[in-house]
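>>> With the input below, show me the fold.
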Amino acid sequence: LSFLAATLWIFHRQKNIGMPLALALLFLCATPTRNTLGNGQLSLASLFLFALYMNYADRRPLLAAALASLGSVKFTLGVPLFFQMRITPLTVVAFAAIPLAAALYWALHFNLSVFEALFLPVRVATVTVGPRVGVGDFLMLVRDAGLPPLAAYAIAGAVLLAVVLFQKAFLATEDRLSLFA
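Next up, the predicted model:
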């Protein structure tokens, strides 16, 4: 609950939006919020760290990128939000430091390649979700085309990068909260 309350407070300060207490309490009691609490707080912690990133991005970009790096432990949230950051060589290094250090530790501890350690969370997610009738994503479609796993990941990554670059080039906005959304 503290992650939620702090995130609301940061967004409130970021936009100077007058949020009535009743509206904030409704958000805290909403079904998606309750489900997230029930499923574990990693998503809420990640959202809070990215809210901190937004709070510090203009004044202290390296600190902001390091906070976003911590938030990237939830890779499904962290990786897409990385592309919404103000990307400079120093912020890329600050953002990549924690995931790379974790992957390096994991690789050394379990005798894996660093590349394999970096992609284990994606692999675990695809194994636990698994293919179901009527459910699929782009990566699943590419893999079903008979490509080797590395080629499938490369194609899915290239498409994601193309979509992000398209968004940055043609749908650019200066509104940080809109970019975050």
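
>>> any idea how far residue 78 lies from residue 101?
Going from residue 78 to residue 101 by CB to CB, to the nearest Å gives 14 Å. The way it works is simple: take the backbone N, C-alpha and C, and place the C-beta from them, glycine included.

>>> So for the two, which sits in the more crowded spot?
residue 78 (20 against 11; other CB atoms under 10 Å).

>>> Wait, a helix at that one?
Yes - applying DSSP: H, G, I helix; E, B strand; the rest coil, one finds residue 78 inside a helix.

>>> Enumerate the positions of stretch 160-168 that are buried.
Buried residues in stretch 160-168, counting neighbours by 16 or more other CB atoms under 10 Å, are absent.

>>> can you check stretch 109-121 too?
Within stretch 109-121, the residues scored as buried using 16+ other CB under 10 Å are 117, 118, 119, 121.

>>> For the second one, what is the enclosing helix or strand?
By that I understand residue 118. Per DSSP states H and E: residue 118 is located in helix 114-129.

>>> quick one: average pLDDT of that helix?
For helix 114-129, the mean per-residue pLDDT is 72.

>>> Could you count how many residues lie near residue 56?
Neighbours of residue 56 using other CB under 10 Å come to 17.

>>> The residue lying closest to it once chain neighbours are set aside: which element?
By the measure of CB to CB, 6 or more residues apart in numbering, the closest residue to residue 56 outside its immediate chain neighbours is residue 64, 4.0 Å from it. If you go by DSSP H and E, residue 64 is part of helix 61-71.

>>> Return the list of helices and strands in contact with that helix.
helix 42-56, helix 75-82, helix 89-110 (3 or more CB pairs under 8 Å, 6 or more residues apart in numbering; DSSP states H and E).

>>> Looking at the ones you listed, which is nearest to residue 24?
Minimum separation from residue 24 across these (CB to CB) falls at helix 42-56, 14.3 Å.

>>> Just the buried residues of that closest one, please?
43-56.

>>> can you redo those residues as a markdown table with distance to residue 69 and pLDDT?
Converted to a markdown table, the buried residues of helix 42-56 look like this (distance: CB to CB, whole Å; pLDDT from 0 to 100):
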| residue | distance to residue 69 | pLDDT |
| --- | --- | --- |
| 43 | 16 | 79 |
| 44 | 17 | 82 |
| 45 | 13 | 86 |
| 46 | 11 | 84 |
| 47 | 15 | 82 |
| 48 | 14 | 88 |
| 49 | 9 | 88 |
| 50 | 10 | 83 |
| 51 | 14 | 84 |
| 52 | 11 | 88 |
| 53 | 9 | 85 |
| 54 | 14 | 81 |
| 55 | 15 | 85 |
| 56 | 13 | 87 |
